[in-house]
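S.K.: Let me see the structure of the following:
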Amino acid sequence: MKMKFIIIANSLTISKEEIKDIVGEAKIIALDGIANHLLNINIIPYAVVGDFDSIFAETLVNLKKLDVILRRINDQNSTDLDKGISFCKQNGATEIVIINAFGGTRLDHSLMNYRLLKRHYSKQCRIKIKEQQSYLELFANSTLIISGIPKSNLALLAAPLAATTSQGLEYDMDNHTLEFGLSESTSNSLKAEQATIKIVGSAYLIYELNCKIQTI
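M.R.: Numbers count the residues shown, from 1 in each chain. Now for the predicted structure:
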């Protein structure tokens, strides 16, 4: 049984339309203070997770009235997103989409947010970050079949080391080594409607929203 969660991080203010565009039947997990904003725009989350250092007392009262799950975790060795991902996995998540994770005033949190994809990587639960018109997702020791519109942009970034072989990209790779900070594959794209990428090691894939990824 598939179980999809949408985690809304507490970064920038996000509109009701942006949220409704991707939620569908997924359960919404609000990270800490973003719950203040969600109630203001009439979005009721399934749960709120975090250390609750930025959530208003009035918001907590209203969430309790709405029977929203409140999971307060005071562990200061993990970020709210770390806590949120763990909560989703503990509740049977098979897919997690994270939104509103970049920007804001905390550069350290923005950088940590994408690094958490590696900490929580599992082939049983795909986790990706949505930003503007693209997804960011980590893959390890996988073969990917990518379907999408020709010329759709793709990028592969080492995490921290991978050997990659592809067929169907504008710039195909033959056992090409990706190494963090030294050798990456940016500004690539689909040559036709489908491509295959084999990753030995681990790498981040950035791909446009129209693309579908199947792992084999």
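
S.K.: Where do the strands of this protein begin and end?
M.R.: With DSSP state E as the definition, the chain shows strands at residue ranges 4-8, 27-31, 47-50, 69-72, 95-99, 126-131, 134-147, 153-167, 176-179, 185-189, 194-208, 212-215.

S.K.: How far off centre is the one helix or strand in the chain whose mean pLDDT sits lowest?
M.R.: Least confident helix or strand, the chain: helix 107-119 with a mean of 84, by mean pLDDT, DSSP states H and E. For helix 107-119, the separation from the chain centroid amounts to 10 Å (computed by Cα atoms, centre = their mean, to the nearest Å).

S.K.: Excluding its own residues, what touches it? List them.
M.R.: With Cβ atoms under 8 Å, 6 or more residues apart in numbering as the test, helix 107-119 has contacts from 9, 11, 79, 81-82, 85, 98, 101-104, 127-129, 136-138, 159, 202, 204. (Each C-beta comes from the backbone N, C-alpha and C, glycine too.)

S.K.: what's the closest non-adjacent residue to Ile145?
M.R.: Gln214 (4.4 Å; Cβ to Cβ, 6 or more residues apart in numbering).

S.K.: ok, that neighbour - contacts?
M.R.: Residues counted as contacts of Gln214 (Cβ under 8 Å, 6+ apart) are Leu144, Ile145, Ser147.

S.K.: closest to Phe180 among these?
M.R.: Relative to Phe180, the closest of the contacts of Gln214 is Leu144; by Cβ to Cβ it sits at 19.8 Å.

S.K.: List the residue ranges of this structure that fall below the pLDDT cut-off.
M.R.: Residue ranges of the chain with pLDDT under 70: 104-105.

S.K.: Can you give me the domain boundaries for it?
M.R.: Using automatic domain parsing, the domains assigned to the chain come out as 4-131, 135-215.

S.K.: Save the strands of the chain as JSON lines, and put in distance to Ser110 too.
M.R.: Shown next, in JSON lines, are the strands of the chain (distance: least, Cβ to Cβ, whole Å):
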{"stretch": "strand 4-8", "distance to Ser110": "15"}
{"stretch": "strand 27-31", "distance to Ser110": "13"}
{"stretch": "strand 47-50", "distance to Ser110": "16"}
{"stretch": "strand 69-72", "distance to Ser110": "23"}
{"stretch": "strand 95-99", "distance to Ser110": "12"}
{"stretch": "strand 126-131", "distance to Ser110": "10"}
{"stretch": "strand 134-147", "distance to Ser110": "12"}
{"stretch": "strand 153-167", "distance to Ser110": "15"}
{"stretch": "strand 176-179", "distance to Ser110": "22"}
{"stretch": "strand 185-189", "distance to Ser110": "19"}
{"stretch": "strand 194-208", "distance to Ser110": "15"}
{"stretch": "strand 212-215", "distance to Ser110": "24"}
